[in-house]
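Peer 1: following is a predicted model, sequence given first.
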Amino acid sequence: MPSPYFAEAWTVGSGPSLRISTTSTLERGKRLSSPDSPMSQDVVVENGSPELCFSTVRVEDNWACLDSEIETLFSSLENPNPYFSPEWLRCWLKWSNKEQKPFAAIVRDGHGELRAFWPFVEKKGFLGARGLWPYLNNEANYFDPLGFPEAIPSLVKGVHGLLGDYHFIWTSLLRDSFWTNHLAPVLTESKAPCLLRIARKTCLADLNSFSSFDEYLSDRLGAKSKKSLRYSERRLLDLGGVTFERHSDPEGIRSMLPATCLVEVNSWKGPAIAGLYSVRGKRAFFFELLPALAEKGRAVASCLRVEGFAVSWELGLLWQNGSAYGLHNLAYDEDWKLHSPGKQLLVHNLAASHAAGRSVDFLPGHLDYKQKFATRTEPVRELHWFRRSARGFLARKLILLNMRIRRRLMAKAKGRAYAAFHQNLDKYLGAFPVDSKE
């Protein structure tokens, strides 16, 4: 149940419609949302249900105190953020930088049940500025919160109110539905300075709208691309001993993980430090995470083998009770690139998703091969929120400067490393010939 001790009244932004009011058992309650307090703050947000209570929670060691509640919430939602399942939260906290200070904004109903959850980590900025960064900031492809639709407005307004304690809040890679339905209305009322941008786009494939997989391929690929696809398939099959291996159970995934290491090492991603295991500690993280996800039916790992030797592998995430498939990782052995093993495995898994009635999310990153197989795209947005203060102003200027420097560096590298990077991406799945339809 929520704590009976509530914070004193405080205001979000400057508009009366964003005022956060509280009920207190103390005449002058201490502001429990202070970054120096390990306790939680409980407030009721106006313009929302009077039974919804916003609070903040700090978990120094693990997510055990909220684990079962997050699991119940995650399993109850129609379209949850797949990266905020308890398995991701636990493993990232265990294997991430120990200096990370996890912080969760939550909403409970009148019965004390968890109705919304948004994890962050506390960060220190320049000149003592305090801020919030996305939880799983170096792993996840989405950062929008978990929550029932009726509880999300209270959560967003409560997080906005945390600018009273923090100088900046960074929320990255937010899906379009969350942005449009919940965050945009608060932004129109807020007077807090902010930076908005469409950070990336995500490609999606609505496979259920096609009666057969061949119909889908004909819709997405031109005649030359389909011919190239069939040629690569025949050339690979002619080698003999070609098998597609697919696991969604913990033991099966665990048994396949050593083979994935060999593929990652021999992939072009290895030298580019862009592979799943390229950063130190990531292999241990995923070796623990993937079987745990599979135990809950939330991960699928597949590989293409030739005479028992793995030449490509793919990691997919499952949500919406298994009806949504997210392409988290795809890699292939560089020595086999002429046979397009990455492309062959991708098409094989797309066919399996069509047979299972799944939709496919290629996840953010508007790459050529994703656009080719997608039936639609959606923007993925990023927001920096700042307190109206000297430190908030300075934080905003520094982030703007960082953005300008990054743009200049990318522009200079476009003709060299950046171009080489995209050239390798074309090799990644095997280049498709271009025809009039494409």
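Peer 2: Yep, that arrived.
Peer 1: isn't residue 130 right up against residue 165?
Peer 2: Yes. The pair residue 130 and residue 165 qualifies as a contact (C-beta atoms under 8 Å) at a distance of 7.2 Å. The way it works is simple: take the backbone N, C-alpha and C, and place the C-beta from them, glycine included.
Peer 1: wait, residue 303 touches residue 329, no?
Peer 2: No. The pair residue 303 and residue 329 does not pass the contact test of C-beta under 8 Å, sitting 11.6 Å apart.
Peer 1: now for those two: what residues contact both?
Peer 2: With contacts taken as C-beta atoms under 8 Å, 6 or more residues apart in numbering, residue 303 and residue 329 have 313-314 as neighbours in common.
Peer 1: those two: which has the busier surroundings?
Peer 2: A side-by-side neighbour count of residue 303 and residue 329, using other C-beta atoms under 10 Å, places residue 303 first with 24 against 18.
Peer 1: give me the beta-bridge partners of the more buried one?
Peer 2: For residue 303, the beta-bridge partners are residue 245, residue 313 (DSSP bridges).
Peer 1: dump the helix or strand in which residue 315 is found to CSV, restricted to CA.
Peer 2: Here residue 315 is covered by strand 309-319, with elements defined by DSSP states H and E. Only the C-alpha atoms of strand 309-319 are listed here, as CSV (Å, rounded to 0.1, in the frame of the first residue of the first chain):
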residue,chain,number,x,y,z
PHE,A,309,28.8,-24.6,-38.3
ALA,A,310,26.9,-21.5,-37.4
VAL,A,311,27.2,-18.8,-40.1
SER,A,312,24.5,-16.4,-39.0
TRP,A,313,22.2,-15.8,-36.0
GLU,A,314,19.3,-13.7,-35.0
LEU,A,315,17.8,-12.6,-31.7
GLY,A,316,14.1,-11.7,-31.5
LEU,A,317,12.1,-10.3,-28.6
LEU,A,318,8.5,-11.3,-28.1
TRP,A,319,5.7,-9.3,-26.5
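Peer 1: the strands in the stretch 301-438 of the chain, which residues?
Peer 2: For the stretch 301-438 of the chain, applying DSSP state E, counting those that start in this stretch gives strands covering 309-319, 324-332, 359-361, 376-386.
Peer 1: with the stretch 151-300 of the chain instead?
Peer 2: Listed from the start of the chain, the stretch 151-300 of the chain has strands (DSSP E, counting those that start in this stretch) covering 168-174, 194-205, 242-247, 299-306.
Peer 1: what residues sit buried inside the third one?
Peer 2: By 16 or more other C-beta atoms under 10 Å, the buried positions in strand 242-247 come out as 242, 245-247.
Peer 1: ditto for the last one
Peer 2: The neighbour-count check on strand 299-306 (16+ other C-beta under 10 Å) flags 299-306 as buried.
Peer 1: now for that strand, which elements pack on it?
Peer 2: Packed against strand 299-306 by the contact rule (3 or more C-beta pairs under 8 Å, 6 or more residues apart in numbering; DSSP states H and E) you find strand 242-247, helix 250-266, helix 282-295, strand 309-319, helix 341-355.
Peer 1: now the angle from that strand to strand 324-332?
Peer 2: Inter-element angle recorded for strand 299-306 and strand 324-332: 30 degrees (by axes from the mean of the first three to the mean of the last three C-alpha atoms, to 10 degrees).
Peer 1: scan the chain for its longest helix.
Peer 2: For the chain, the helix reaching the highest residue count under DSSP state H is reported as helix 390-413.
Peer 1: and that one, what's buried?
Peer 2: Of the residues in helix 390-413, 391-392, 394-396, 399 count as buried by neighbour count, 16+ other C-beta under 10 Å.
Peer 1: quick one: average confidence on it?
Peer 2: Per-residue pLDDT values across helix 390-413 average out to 75.
Peer 1: next, the angle from that helix to strand 168-174.
Peer 2: With the same axes, to 10 degrees applied, the angle from helix 390-413 to strand 168-174 works out at 40 degrees.
Peer 1: now do helix 390-413 and strand 194-205, the angle between them.
Peer 2: With the same axes, to 10 degrees as the basis, helix 390-413 and strand 194-205 are set at 50 degrees to each other.
Peer 1: check the gap between residue 375 and residue 98 for me.
Peer 2: 43 Å (C-beta to C-beta, to the nearest Å).
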